[in-house]
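*Asks:* What follows is a predicted structure for the sequence shown.
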Amino acid sequence: MPITPQELVTFCKKKSFIYSSSDIYGGIAGLYDYGHLGTLLKHNFEHLWRKYFLSLNDNFFEIQGSNIMHENVFKASGHLENFIDPIIRCSKCDFGDRADHFITTQIKQRTEGFSPEQLTALVQKHNLKCPQCTSEFQPVTILNMMFPLNMGTSSTNRAYLRPETAQTPYVNFKLQYESQRKKLPLGLAVIGNAYRNEISPRNFTLRQREFTQAELQIFFNPEKIAQHSDFDLIKNYSLRTLLVEDRKQNQVIERTAQELVKAGLPKFYVYHLVKIQQFYLEHLKIHPEKFRLYQLNDQEKAFYNKYHFDLEIELSEHGFTEMGGLHYRTDHDLVGHQKISKQSMEILDEETNSKFIPHVLELSFGVDRNIYALLDLNHHDDKERGNIVLKLPSKLTPIYCAVFPLVKNKPELVVVAKKIYSELKPLYSCLYDETASVGRRYARADEIGVKYCITIDFESLDDHAITIRDRDTTQQQRIKIADLKDKLYQLYIQE
Ligand code: GAP
């Protein structure tokens, strides 16, 4: 039985993964805190993401930037003008909601990207009324989703909390390009927070007002978009795609990288689609059937994108849900920054001796949404064991191993267990537990995803060996204490 969203929320709070921010005051909609285990899981996800995507090219780096940015950044990027959501308000009571979401739920038709006029027309056509007081709606209007701030005492010093991490690499591009030996493609990644005044934050961490993004901006020569030096290595790799033309059948079609290029997508773009799918299937261990690359049509694409696929995971109850996207942003942002800052974003490519403004390919991921998906898909209610088993992959799970003395009232066992624990702790996230029966301790460990439980029993005192139990199979192996570190390392590397 899949877990319901409400059960997941309850589980996350009970086990100290994620819960409402300012919880003791009743919480605030759209804001969440991560507890001890949630923080470990989030760090592991970010670490895996960083290692994987920064390894795609020697010229990819991570940078950090302020969450508060100059108003001109968003004039240049177009967010001041275009980062807006349609809102629907009741003409009588205080009901308000995001218009496209509300109308989609009511009439069961996708309305993403529709103009306020189109949405108002749909409200009239379907005779939609306020769900709170049944009155008429006002015409649909728009709201800018950024949070403005006044800096210091001056009311003219306008700044904004960044609505995407992407703007940090764009405003840093010229400086980084100069300091990284003027080479393209140049990748600048940021893992950090973004802020959006969502009209109706909902579905736990799927739609928040403050959330973490992991985004990689790749600056490249637009003349080279039809090539990638490693394309031949992946040309026969099958991608799980749902193109605009597949929507009628609403079915994922497997297409090789080569076929997508034949269908008109550039090699540079397709190469990164492959790398993203490999990240989800091979590293996050998402079952292929639960993953798809969903192509957006012209109406749905973000205002800055030329090519846009969403990366979607099928959640237990929410269906296929966007976790990230691959965005070809062209020179939209750098041209905007050049215009407003009056600083040239042009570079001289020494290889081709040509001058141009680089284009950007953006690999964008919402960290919290991915964490939600990982918790949702890996949460199993194991009827045979009679407890929850959180089957997170080894490199993601918050606690990799646990050390138990079989009983706590035998000091000889406790001494050995504590020694093993102190040796493993600097190497892996590891816990020590000596309370309750060993069966109860296994169950507690399963619930928070501990991959291996190491038990020191009476025989250990004679044979200098322990048992190691695998969370997923419950099988146990006996291993010499002297070999334990190597064994755990081998398992960690393989998984
Ligand atoms: N830089 C491009 C960009 O920000 P986006 O599609 O608006 O693109 C990227 O956001 C990802 O950030 C989304 O795919 C999603 O995973 C995450 N995200 C966006 N809005 C969110 C929200 N309100 N709450 C949680 N995650 C969100």
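*Replies:* Yep, it's here.
*Asks:* what's next to stretch 143-163, contact-wise?
*Replies:* Stretch 143-163 is contacted from outside by 65, 67-71, 73-74, 79-80, 83-85, 87, 168, 194-199, using CB atoms under 8 Å, 6 or more residues apart in numbering. Where C-beta positions appear, they are placed from N, C-alpha and C, glycine not excepted.
*Asks:* What about residue 333, how many residues nearby?
*Replies:* Each residue near residue 333 was counted by other CB atoms under 10 Å, and the total is 26.
*Asks:* Excluding residues flanking it in the chain, which one is nearest residue 324?
*Replies:* Nearest residue to residue 324 in three dimensions, chain neighbours excluded: residue 365, at 3.7 Å (CB to CB, 6 or more residues apart in numbering).
*Asks:* quick one: which helix or strand includes that neighbour?
*Replies:* Following DSSP states H and E, one finds residue 365 within strand 359-366.
*Asks:* Name the next helix or strand downstream of that strand, please.
*Replies:* Downstream of strand 359-366, the first helix or strand assigned by DSSP H and E is helix 367-378.
*Asks:* got the buried residues for that next one?
*Replies:* For helix 367-378, burial by neighbour count (16 or more other CB atoms under 10 Å) applies to 367-378.
*Asks:* Restricting to those residues, which residues neighbour the ligand?
*Replies:* Restricting the buried residues of helix 367-378 to those within reach of the ligand (CB under 6 Å from any ligand atom) leaves 368-369.
*Asks:* Out of the buried residues of helix 367-378, which comes closest to the ligand?
*Replies:* The ligand lies nearest to residue 369 out of the buried residues of helix 367-378, by CB to the nearest ligand atom, at 4.1 Å.
*Asks:* And the residue nearest to residue 324, how far from the ligand?
*Replies:* Remark: distance between residue 365 and the ligand (CB to the nearest ligand atom, to the nearest Å) = 6 Å.
*Asks:* Run through the residues that contact residue 302.
*Replies:* By CB under 8 Å, 6+ apart, the contact set of residue 302 is 308, 325, 327.
*Asks:* Tell me the most packed of these, by neighbour count.
*Replies:* In terms of neighbours by other CB under 10 Å, the contacts of residue 302 top out with residue 327 at 26 neighbours.
*Asks:* any idea which element it lies in?
*Replies:* Secondary structure (DSSP H and E) places residue 327 in strand 319-330.
*Asks:* Which neighbouring elements make contact with that strand?
*Replies:* Applying 3 or more CB pairs under 8 Å, 6 or more residues apart in numbering; DSSP states H and E, one finds that strand 319-330 makes contact with helix 267-278, strand 291-295, strand 307-315, strand 359-366, helix 367-378.
*Asks:* Counting neighbours, what do you get for the closest residue to residue 147 other than its chain neighbours?
*Replies:* With sequence-adjacent residues excluded and distances taken as CB to CB, 6+ apart, residue 147 is closest to residue 161, at 4.4 Å. For residue 161, the number of neighbouring residues by other CB under 10 Å comes to 19.
*Asks:* wait, does stretch 139-154 make contact with the ligand?
*Replies:* No - Stretch 139-154 does not reach the ligand (CB under 6 Å from any ligand atom); its nearest approach is 8.8 Å.
*Asks:* just the CA coordinates of that stretch, formatted as CSV?
*Replies:* Output in CSV follows, covering the C-alpha atoms of stretch 139-154 (Å, rounded to 0.1, in the frame of the first residue of the first chain):
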residue,chain,number,x,y,z
PRO,A,139,-11.7,38.9,-12.9
VAL,A,140,-8.4,37.0,-12.6
THR,A,141,-5.4,39.4,-11.8
ILE,A,142,-1.7,38.9,-11.4
LEU,A,143,0.8,39.1,-8.5
ASN,A,144,4.6,39.3,-8.5
MET,A,145,5.9,36.3,-6.6
MET,A,146,9.2,37.9,-5.3
PHE,A,147,9.7,39.1,-1.7
PRO,A,148,10.8,42.7,-1.7
LEU,A,149,13.0,44.1,1.1
ASN,A,150,14.0,47.6,2.2
MET,A,151,17.6,47.7,3.1
GLY,A,152,18.8,49.8,6.0
THR,A,153,16.8,53.0,6.7
SER,A,154,16.4,54.1,3.1
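*Asks:* Looking at it now, give me its mean pLDDT.
*Replies:* For stretch 139-154, mean pLDDT is 90.
*Asks:* Name the residues of it that come out as buried.
*Replies:* 140-141, 144-147.
*Asks:* For residue 58, give its distance to residue 190.
*Replies:* Residue 58 sits 19 Å away from residue 190, going by CB to CB, to the nearest Å.
*Asks:* repeat for residue 408
*Replies:* Using CB to CB, we find residue 408 at a distance of 46 Å from residue 190.
*Asks:* if we can go back for a sec, mind checking which of the helices and strands packed on strand 319-330 is nearest residue 22?
*Replies:* helix 367-378 (17.2 Å; CB to CB).
*Asks:* Quick one: list the elements packing against the helix or strand following that closest one.
*Replies:* On the C-terminal side of helix 367-378, the nearest following helix or strand under DSSP H and E is strand 379-382. For strand 379-382, the elements it packs on are strand 387-390, judged by 3+ CB pairs under 8 Å, 6+ apart.
*Asks:* What number of neighbouring residues does residue 488 come out with?
*Replies:* Residue 488 is flanked by 22 other residues according to other CB under 10 Å.
*Asks:* secondary structure class for it?
*Replies:* Look at residue 488: counting by DSSP: H, G, I helix; E, B strand; the rest coil, its state is helix.
*Asks:* list the contacts for the residue of the chain found nearest the ligand?
*Replies:* Nearest residue of the chain to the ligand (CB to the nearest ligand atom) works out as residue 366 at 2.1 Å. Going by CB under 8 Å, 6+ apart, residue 366 touches 211-213, 322-324.
*Asks:* 10 Å instead?
*Replies:* The contact partners of residue 366, taken as CB atoms under 10 Å, 6 or more residues apart in numbering, are 194, 205-208, 211-215, 311, 322-325, 372-373.
*Asks:* on that earlier part again, what is the mean pLDDT for the strand holding residue 365?
*Replies:* 98.
*Asks:* all helices in the stretch 1-150 of the chain, in order from the N-terminus.
*Replies:* Here the stretch 1-150 of the chain has its helices, by DSSP state H, counting those that start in this stretch, at 5-14, 36-54, 71-77, 79-82, 99-107, 116-125.
*Asks:* Would you mark the buried spots in stretch 435-446?
*Replies:* By 16+ other CB under 10 Å, the buried positions in stretch 435-446 come out as 438, 441-446.
*Asks:* Show only the entries of those found in helices.
*Replies:* Residues of these located in helices (DSSP state H): 438, 441-446.
*Asks:* Could you work out the most separated pair of the residues you listed?
*Replies:* Maximum distance among those (CB to CB): 12.6 Å, for 438 and 446.
*Asks:* Mutual contacts of these two, please.
*Replies:* With CB under 10 Å, 6+ apart, residue 438 and residue 446 have common neighbours 453, 469.
*Asks:* returning to that earlier point: want to try CSV for the helices and strands packed on strand 319-330, with distance to residue 391 as columns?
*Replies:* Formatted as CSV, the helices and strands packed on strand 319-330 follow (distance: least, CB to CB, whole Å):
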stretch, distance to residue 391
helix 267-278, 21
strand 291-295, 17
strand 307-315, 16
strand 359-366, 22
helix 367-378, 5
